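Got a predicted structure plus its sequence, pasted below:
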Amino acid sequence: MDNITGMSLPHFDSLEAAISSLLGGSKPGGVSQIIQKERITGGDINLAYRLGLSDGSYVFMKTNELKKECFFKAEAAGLAAIAQSGAVGTPRVICSGTDNGSGTNNGRETAGGFSFLLLEYIQGAKRSRHYWETFARELAALHKAPTAAFTNGGKFGFFQDNYIGSREQHNKVHDSWVSFFRDCRLEPQFRQAAHYFSAAQLRKVDRLLSHLDEWLLEPEHPSLLHGDLWSGNVITGNDGKAWMIDPAAYVGHAEADLAMTELFGGFPRQFYEAYREVFALQPGYERRRDLYNLYQLLNHLNMFGSSYLSSVIRTIAVYFVN
């Protein structure tokens with residue numbers, strides 16, 4: 001992460017050391033301490049807290065088991081990449097760390113320690129005027145930003161693997177968007193979900209993957225993507241504008257981000273109108289949209305079970321090549 005983004009993520013061996021070192025009081029010799037720890041609801045993977053400090057400030061903390069520290073390093077790298085573009089707001093990453101003291105896991109106290117990520121606390125500001133139009137233009141600016149620093153000489157992928165929800169997301173660099181989407185997005189998900197499908201359905205899957213270039217287009221230029229851009233990962237930042245959280249960042253086709261915004265309810269109409277004013281879509285996006293979202297549906301199938309199977313099968317049927 002350091003060489004790619006020019007940023008160094010501080011890491012600490014205890015939460016106390018992180019607070020006192022990075023968030024010490026503004027007065028000489030001042031040391032901040034945690035005086036309040038409030039559980040925040042939301043999220044299926046990590047536990048989240050608002051930490052009140054003795055200097056009157058707050059920070060946001062995510063925690064998980066010690067072995068899940070990799071989640072937080074990947075998230076921090078994605079946030080740093082998006083922030084480096086200067087296009088759209090994200091919470092400032094303060095540090096990551098591990099703590100061998102007692103912690104919590106799924107609401108139970110544990111003695112095995114925990115990993116953590118500290119982020120800027122979002123105060124809940126009032127939405128700015130033209131909130132969705134502004135966010136659309138900022139997302140378009142992100143999609144137009146340079147990406148070469150993130151792909152180690154290739155075009156599509158990312159300099160490290162990361163996570164989509166709780167599942168690993170492979171980001172091996174490819175020169176072709178179509179081959180990247182096949183090899184690093186659809187194929188791993190279908191492989192994991194193979195037991196859900198009949199032999200006849202698996203033959204359709206194989207045929208779909210082998211004909212993927214009949215549906216997908218290479219983009220006019222690569223784009224840095226949030227990677228998991230649904231409404232739950234867009235919040236109102238401290239400046240009143242839309243900020244991105246919880247990225248599954250990689251370099252790909254901008255259409256994949258836009259398609260994800262339409263999967264679970266969609267964003268307001270003015271968002272899409274403003275985005276298209278800045279970033280012209282290639283013809284035929286509507287025919288490709290569900291194919292991009294097939295990746296997300298497969299991931300939900302693999303994480304949450306068969307309730308997503310019918311949606312996956314319907315999507316395959318749309319793109320099945322006779």
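Sure thing, it's come through. Note that the structure is a prediction, hence the values are computed from the model and not measured. Numbering: from 1, shown residues only.

Am I right that Ala249 is in contact with Ser223?
No - at 10.9 Å, Ala249 does not count as touching Ser223 under the criterion of C-beta atoms under 8 Å. (C-beta placed from N, C-alpha, C; glycine too.)

Counting by contacts, list what the lengthiest helix in the chain packs against.
Longest helix of the chain, by residue count under DSSP state H: helix 285-304. Secondary-structure packing of helix 285-304 (3 or more C-beta pairs under 8 Å, 6 or more residues apart in numbering; DSSP states H and E): strand 167-169, helix 187-192, helix 254-261, helix 309-319.

To Ser198, which of those lies closest?
Evaluated over the helices and strands packed on helix 285-304, closeness to Ser198 peaks at helix 309-319, with 9.9 Å, by C-beta to C-beta.

quick check: angle from that closest one to helix 285-304?
Relative orientation of helix 309-319 versus helix 285-304 (axes from the mean of the first three to the mean of the last three C-alpha atoms, to 10 degrees): 150 degrees.

what stretches of the protein score poorly on pLDDT?
The model of the chain has pLDDT under 70 over residues 1-7, 24-31, 42-43, 102-111, 321-322.

Against Tyr285, how distant is the residue minimising distance to the centre of the chain?
For the chain, Pro247 is the residue whose C-alpha lies nearest the centre (C-alpha atoms, centre = their mean; 1.7 Å). Counting by C-beta to C-beta, to the nearest Å, the separation of Pro247 from Tyr285 is 22 Å.

Let me see the ranges of the strands in the protein.
11-12, 34-40, 47-53, 58-64, 93-99, 103-105, 108-110, 114-120, 162-164, 167-169, 223-225, 234-236, 242-244, 250-252 (DSSP state E).

Check which residues of stretch 272-282 are buried.
Buried positions in stretch 272-282, judged by neighbour count with 16 or more other C-beta atoms under 10 Å: 272, 274-275, 279.

same deal with stretch 146-163?
By 16+ other C-beta under 10 Å, the buried positions in stretch 146-163 come out as 147, 150-151, 154-160, 162-163.

Which members of those are the farthest-apart pair?
Lys155 and Tyr163 (22.2 Å).

Can I get the helices and strands packed on helix 285-304 in a markdown table including distance to Val178 and mean neighbour count?
Shown next, in a markdown table, are the helices and strands packed on helix 285-304 (distance: least, C-beta to C-beta, whole Å; neighbours: other C-beta atoms under 10 Å):
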| stretch | distance to Val178 | mean neighbour count |
| --- | --- | --- |
| strand 167-169 | 18 | 17 |
| helix 187-192 | 12 | 18 |
| helix 254-261 | 12 | 23 |
| helix 309-319 | 13 | 16 |
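
Kindly reformat the ones you listed as JSON lines containing distance to Gln123.
Formatted as JSON lines, these follow (distance: least, C-beta to C-beta, whole Å):
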{"stretch": "strand 167-169", "distance to Gln123": "31"}
{"stretch": "helix 187-192", "distance to Gln123": "37"}
{"stretch": "helix 254-261", "distance to Gln123": "25"}
{"stretch": "helix 309-319", "distance to Gln123": "37"}
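
For the nearest residue to Asn293 once chain neighbours are set aside, grab phi and psi.
In space, and not counting its chain neighbours, Asn293 is closest to Leu263: 4.8 Å by C-beta to C-beta, 6 or more residues apart in numbering. According to degrees, to the nearest 10, the main-chain angles of Leu263 amount to phi -70, psi -50.

Burial check on Leu263, number of neighbours?
Using other C-beta atoms under 10 Å, Leu263 has 18 other residues around it.

Same question for the one 4 residues further on.
Counted with other C-beta under 10 Å, the burial measure for Phe267 works out to 20 neighbours.

again, but for Gly78
30.

Ser179 and Gly89, how far apart?
33 Å.

Same drill for these two, tell me which one is more crowded.
Neighbour count, other C-beta under 10 Å: between Ser179 and Gly89, Gly89 has more, with 21 against 15.
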